[in-house]
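Q: Structure, please.
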Amino acid sequence: MGDKDLKFLGSNLEQAASQNRGVILSAIHRSAPISRAELARQSGLTKQAVARIVDRLLDEGLVMEARRRHGLRGQPAIELEINPDGLYSIGANIDRDHLTIVVIDATGALRGRIHHEKRFILPGEFIDLMQEALSTFRRRRLFDEGRLAGIGLAIPDWLGEVPVIGFPEAYRAWSTFDVRGALETLTHHPILIDNDANAAATGEIGYGLGTEIRSFFYVLVNACLGGATVIDGVRHKGRDGLSGEIGWLPVLFEEGPMAGQVQPLGDMFSMFILMDYLQRQGVDVSTPDDLVHLDVRGRALVSAWLKRASGRIAEAIDNIGMLVDPEAILVGGRLPVRIIDELLVYVHEHLTRMGLEAPSLHRAACSEDAAALGAAAMPLANRLGLPSAEKTQLTRVPLSSATPQASIAAPA
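A: Residues are numbered from 1 along each chain as shown. Down below sits the predicted model:
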């Protein structure tokens, strides 16, 4: 056997060992508390192989022996869990109306959160706020620097290009800003970057309904509309990372002055568009919290708007169901929980009237901070070698004749 053959064999053995390690960690993460014998049954690995992997994970402090399970024949089984303090991760979500930065432990539990409710934060201010947040987290000892898996960033595609409602000219600075390079000046830890919908779906895979539902389409309702596709517990982002961009999905206006016209769904439905509609009706709203504290008239206006939007959402869900055939549609994001629940009722009613057998509808478990928590989940999955982990980086796709130009008009 030549040197090349030995090198190839060594590479394959390393890859297999890494894959087996990821399978065991994933099983512990998903099914804890779990015994070594159960890990062997689930993974298909031998008991000896499982024992070797678990011993290494115990030595590294990534898992811990939680307790002994009694009541069975023979020696009580020692159960294993992920060690919460084995790893930490930081996640940030920058969008057109906010910046949220979180610290989570290895189990996904929130250890710290800093939130800035501000529209159109410019790149320089974003980096300053990130540096300030990292300093605060360190000062409060919310994570162990030596066990930090990395920093994840969730950021919408075309952040400085799509002319959303209220878009200031200075915001175009995001189009040419090297966000990765700027973040690398703040830390030596790995930086993982993805769009906000993909990040939110990642969080849902590991810490939300994705632990029960393996294939789903995630609809992210933030300032703008986004989507992500998950099949068999893994995100499918497509060639350019744009799979699931539901905001560009063409749908038909069924009524009103634009009846019969086709426009992207993102031009008809998003949190910014809802707020703009309410403001034009004399209701003063500018944040998600304002939507929670509406008076009777404001709530009635929201309900009427949701009922009109539900038909377009139902049409989109029907199309997604035929193309992707997911088990479920999950809706999450910064739109308040009560409003998401009301929307899902109207969408279900609309689908029933249409006689459609669409996927089941659910509110995502991780809602308001979904993108930030998902961003933090990315370095954890990458470091732990979980099957859902992907090497991710920001995909910048400039607006062109091939990319729909989002309008800033909201439906009446």
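Q: which stretches of the stretch 51-200 of the chain form helices?
A: Counting by DSSP state H, counting those that start in this stretch, one finds helices in the stretch 51-200 of the chain at the ranges 123-139, 179-184, 196-207.
Q: And the pLDDT at Ser11?
A: At Ser11, the model reports a pLDDT of 51.
Q: ok, the residue nearest to Gly86 when sequence neighbours are not counted - how many residues close by?
A: Excluding its sequence neighbours, the residue lying closest to Gly86 (C-beta to C-beta, 6 or more residues apart in numbering) is Leu62, at 4.2 Å. For glycine as for every other residue, the C-beta is placed from the backbone atoms N, C-alpha and C. Neighbour count of Leu62, defined by other C-beta atoms under 10 Å: 20.
Q: residues in contact with Leu62?
A: Leu25, Ile82, Asn83, Gly86, Leu87, Ala106, Leu384 (C-beta atoms under 8 Å, 6 or more residues apart in numbering).
Q: tell me which of those residues is nearest to Asp194?
A: Using C-beta to C-beta, Leu384 comes nearest to Asp194 of these, at 17.1 Å.
Q: Local confidence estimate at that closest one?
A: For Leu384, pLDDT reads 82.
Q: Not counting residues beside it along the chain, what's closest to it?
A: Here the residue nearest Leu384, using C-beta to C-beta, 6+ apart, is Leu25, at 4.9 Å.
Q: you'd agree the one you found is up against Arg383?
A: No - look at Leu25 against Arg383 with C-beta atoms under 8 Å: they stay out of range, at 9.8 Å.
Q: Low-confidence ranges, the stretch 1-150 of the chain, go.
A: In the predicted model, the stretch 1-150 of the chain carries pLDDT under 70 at residues 1-14, 68-76.
Q: before we move on, what about the stretch 251-400 of the chain?
A: Applying pLDDT under 70 to the stretch 251-400 of the chain flags the ranges 253-259, 387-400.
Q: Now do the domain split for this protein, please.
A: 3-82, 87-412 (automatic domain parsing).
Q: most neighbours per residue, which of those?
A: With neighbours defined as mean count of other C-beta atoms under 10 Å, the domains of the chain peak in mean count at domain 87-412, which reaches a mean of 19.
Q: centroid residue for the chain?
A: Ala200 (0.9 Å; C-alpha atoms, centre = their mean).
Q: ok, it - contacts?
A: Neighbours of Ala200 in contact, by C-beta under 8 Å, 6+ apart: 154, 218, 220, 226, 228, 332-333, 364, 366, 370-371, 373-374.
Q: cool, Pro336 as well?
A: Per C-beta under 8 Å, 6+ apart, neighbours of Pro336: Pro288, Leu291, Val292.
Q: hey, what's Leu153 bridged with?
A: When assigned by DSSP bridges, Leu153 has beta-bridge partners Ala92, Ile193.
Q: I'd assumed Leu192 was in contact with it.
A: Yes - Leu153 is in contact with Leu192 according to C-beta under 8 Å; the separation is 7.3 Å.
Q: Could you name every residue contacting both of those two?
A: With C-beta under 8 Å, 6+ apart as the test, Leu153 and Leu192 both reach Ala375.
Q: Let me see the ranges of the strands in the stretch 201-350 of the chain.
A: Per DSSP state E, counting those that start in this stretch, the stretch 201-350 of the chain carries strands over the ranges 216-221, 225-231, 234-235, 250-252, 262-264, 328-333.
Q: before we move on, what about the stretch 1-150 of the chain?
A: Under DSSP E, counting those that start in this stretch, the stretch 1-150 of the chain gives strands at 34-35, 63-69, 77-82, 88-95, 98-105, 110-116, 148-154.
Q: Tabulate those strands (TSV), appending distance to Pro250.
A: TSV is the format used below for the strands of the stretch 1-150 of the chain (distance: least, C-beta to C-beta, whole Å):
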stretch	distance to Pro250
strand 34-35	46
strand 63-69	48
strand 77-82	43
strand 88-95	24
strand 98-105	29
strand 110-116	34
strand 148-154	26
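Q: and Gly241, which of those strands is closest to it?
A: strand 148-154 (12.7 Å).
Q: and the angle from that closest one to helix 123-139?
A: Compare the direction of strand 148-154 with that of helix 123-139 by axes from the mean of the first three to the mean of the last three C-alpha atoms, to 10 degrees and you get 150 degrees.
Q: now strand 148-154: how far from the chain's centre is it?
A: Distance, stretch centre to chain centre, for strand 148-154: 13 Å (C-alpha atoms, centre = their mean, to the nearest Å).
Q: you'd agree Gly108 is up against Leu373?
A: Yes - the pair Gly108 and Leu373 qualifies as a contact (C-beta under 8 Å) at a distance of 7.4 Å.
Q: Mutual contacts of the two, please.
A: Gly203, Tyr207.
Q: Need the pLDDT of Trp242.
A: One thing to correct before we go on: residue 242 is Leu, not Trp. 71.
Q: which ones are touching Glu204?
A: Contacts of Glu204 (C-beta under 8 Å, 6+ apart): Gly210, Phe216, Tyr218, Val230, Leu330, Gly332, Ala364, Ala365, Cys366, Ala370, Gly374.
Q: Among those, which one lies nearest to Ile273?
A: Using C-beta to C-beta, the contacts of Glu204 come closest to Ile273 at Gly332, 17.5 Å.
Q: Next one: the closest one from Leu373, what distance?
A: 10 Å (C-beta to C-beta, to the nearest Å).
Q: which residues do those two both contact?
A: What both Gly332 and Leu373 touch, as defined by C-beta under 8 Å, 6+ apart, is the set Ala200, Cys366.
Q: how much space between Ser26 and Arg214?
A: Using C-beta to C-beta, we find Ser26 at a distance of 13 Å from Arg214.
Q: Gly226 is in contact with Asn195, isn't it?
A: Yes - counting by C-beta under 8 Å, Asn195 is a contact partner of Gly226 at 6.8 Å.
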